[in-house]
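Undergrad: here is my input; please provide its structure:
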Amino acid sequence: MDIHSIVVVSLHTPKEKVWGELLAINPSGVTVRGIDLNSFDHFLNQINDPHGERTGLPTVFFPMNRVERISLDEPSGSIPSMSEVFARKAGRSLAEYLSQFA
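TA: Alright, predicted model coming up:
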């Protein structure tokens, strides 16, 4: 996986999944700018709210001993990737959206 790929990081203890942009990966851990997968719909609603504030994604480091798996955010047959869902609902790609916070 390349840096700036959109990924889903599966973690354990506690069990959670984080969706976002891969910023770094090394033997000590993984750095992702993203959100808990359970918050995805809420995040989309928040950024599409015409009266809402600009909402970025937090940058989070996870130590490698918590990382169970890292998957590329890819479509599966007729099921779109989370990135495709984001682009369709937000009207722009995740990279374009995140560029306003750089």
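Undergrad: distance-wise, check Phe43 relative to Leu94.
TA: 11 Å (CB to CB, to the nearest Å). No exception for glycine: its C-beta is placed from N, CA and C like everyone else's.
Undergrad: those two - which one has more neighbours?
TA: Leu94 (20 against 17; other CB atoms under 10 Å).
Undergrad: what about that one? Give its phi and psi, please.
TA: The phi/psi pair for Leu94 (degrees, to the nearest 10) reads phi -60, psi -40.
Undergrad: from Arg33, how far out is it?
TA: Distance of Leu94 to Arg33, given as CB to CB: 10 Å.
Undergrad: can you tell me the helix or strand for Pro50?
TA: Pro50 belongs to no helix or strand when assigned by DSSP states H and E.
Undergrad: tally of neighbours for it?
TA: For Pro50, the neighbour count with other CB under 10 Å is 4.
Undergrad: quick one: pLDDT of His51?
TA: On the pLDDT scale, His51 is placed at 79.
Undergrad: can you list the buried residues in the longest strand seen in the chain?
TA: Longest strand of the chain, by residue count under DSSP state E: strand 16-26. Neighbour counts using 16 or more other CB atoms under 10 Å place Lys17, Val18, Trp19, Gly20, Glu21, Leu22, Ile25 of strand 16-26 among the buried residues.
Undergrad: coming back round to it: mutual contacts of Leu94 and Arg33, please.
TA: Common contacts of Leu94 and Arg33 (CB atoms under 8 Å, 6 or more residues apart in numbering): Glu21.
Undergrad: now the residue nearest the centre of the chain. Nearest residue, chain neighbours left out?
TA: Nearest to the mean C-alpha position of the chain, by CA atoms, centre = their mean, lies Gly20 at 1.5 Å. Nearest residue to Gly20 in three dimensions, chain neighbours excluded: Gly34, at 1.7 Å (CB to CB, 6 or more residues apart in numbering).
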